[in-house]
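Enquirer: What would the 3D arrangement of this be:
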Amino acid sequence: MSNARQFHGVVLTLLLVLAALLAGCSQRPSADALEGPAKEVSSAVRAASLAVDLRIADSTTAAAASTTADDMLGDVESATDHVHRLSAQTQEEGMLRNDVLGAFSSVSRALLHARDALSPTSGVSDDAQGRAELSTVQAELRVATDQLDNLMTKAGIQ
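Expert: Purely as a prediction, here's the structure:
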């Protein structure tokens, strides 16, 4: 029995050490952990902005531009889900995580507006009024891009 108890004790100790290691490896919302999602969202908003520019210049179809905006929205949702899974262990990490999620939310709203305005069924025409509506969407995308860029700079994400 003594050997069996010793064996169980060793196994239990190893399991506790493994659990501690795994707990220590959980991702935290540091600048390093946020760099990938932030860069992904930055690229997505820039791609959608380019799609709007091309649509305003009548260099692409509404369907192609809308599809681009929709695809980029999916990328932002994926990055947002990743950041939601990060656990903040300090107040500073929590604030950074919340700031990033806020910036991602602004980008998502801008992308939703872009997708809807670019949709072939949106009613946005190819005339001056339609280009003005797309210019408004473009301005919203730029504001969201600037907000994200400023946050990335503040967090040390290049």
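
Enquirer: list the contacts for Val41?
Expert: Residues near Val41 by CB atoms under 8 Å, 6 or more residues apart in numbering: 75-76, 79-80, 103-104, 107, 148. C-betas here are computed from N, CA, C, even on glycine.

Enquirer: Among the residues you listed, name the ones in helices.
Expert: 75-76, 79-80, 103-104, 107, 148 (DSSP state H).

Enquirer: still on that earlier bit, need the max-distance pair from the contacts of Val41.
Expert: Across the contacts of Val41, the longest distance by CB to CB is 14.4 Å; it joins Asp75 and Ala103.

Enquirer: Show me which of the two is the more surrounded one.
Expert: Neighbours were counted for Asp75 and for Ala103 using other CB atoms under 10 Å; Ala103 has more, 23 against 19.

Enquirer: Once you drop chain neighbours, what's closest to that one?
Expert: Excluding the flanking residues, the one nearest Ala103 by CB to CB, 6 or more residues apart in numbering is Leu148, at 4.5 Å.

Enquirer: Give me the pLDDT value at that neighbour.
Expert: According to the prediction, Leu148 has pLDDT 96.

Enquirer: Test my guess that it contacts Val45.
Expert: Yes: applying CB atoms under 8 Å as the test, Leu148 and Val45 come out as touching, 6.8 Å apart.

Enquirer: picking that back up, the ones in helices among the contacts of Val41, buried ones only, as a ChimeraX selection?
Expert: Remark: buried members of those, expressed as a ChimeraX selection using 16 or more other CB atoms under 10 Å:
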select :75,76,79,80,103,104,107,148
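
Enquirer: what are the ranges of the strands in the protein?
Expert: Ranges of strands within the chain: none, based on DSSP state E.

Enquirer: lowest-pLDDT helix or strand in it?
Expert: helix 2-24 (a mean of 49; mean pLDDT, DSSP states H and E).

Enquirer: Only alpha carbons, please: show stretch 142-158 as PDB.
Expert: This file holds the C-alpha atoms of stretch 142-158, laid out as PDB (Å, rounded to 0.1, in the frame of the first residue of the first chain):
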ATOM      1  CA  ARG A 142     -11.300  57.100 -41.100                       C
ATOM      2  CA  VAL A 143     -12.400  58.200 -37.600                       C
ATOM      3  CA  ALA A 144     -12.500  54.500 -36.500                       C
ATOM      4  CA  THR A 145      -9.000  53.900 -38.100                       C
ATOM      5  CA  ASP A 146      -7.600  57.000 -36.300                       C
ATOM      6  CA  GLN A 147      -9.000  55.800 -33.000                       C
ATOM      7  CA  LEU A 148      -7.500  52.400 -33.400                       C
ATOM      8  CA  ASP A 149      -4.100  53.800 -34.600                       C
ATOM      9  CA  ASN A 150      -3.900  56.100 -31.600                       C
ATOM     10  CA  LEU A 151      -4.700  53.200 -29.200                       C
ATOM     11  CA  MET A 152      -2.100  51.000 -30.900                       C
ATOM     12  CA  THR A 153       0.500  53.800 -30.500                       C
ATOM     13  CA  LYS A 154      -0.400  54.300 -26.900                       C
ATOM     14  CA  ALA A 155      -0.100  50.600 -26.200                       C
ATOM     15  CA  GLY A 156       3.200  50.300 -28.000                       C
ATOM     16  CA  ILE A 157       1.800  48.200 -30.900                       C
ATOM     17  CA  GLN A 158       3.500  49.100 -34.100                       C
END
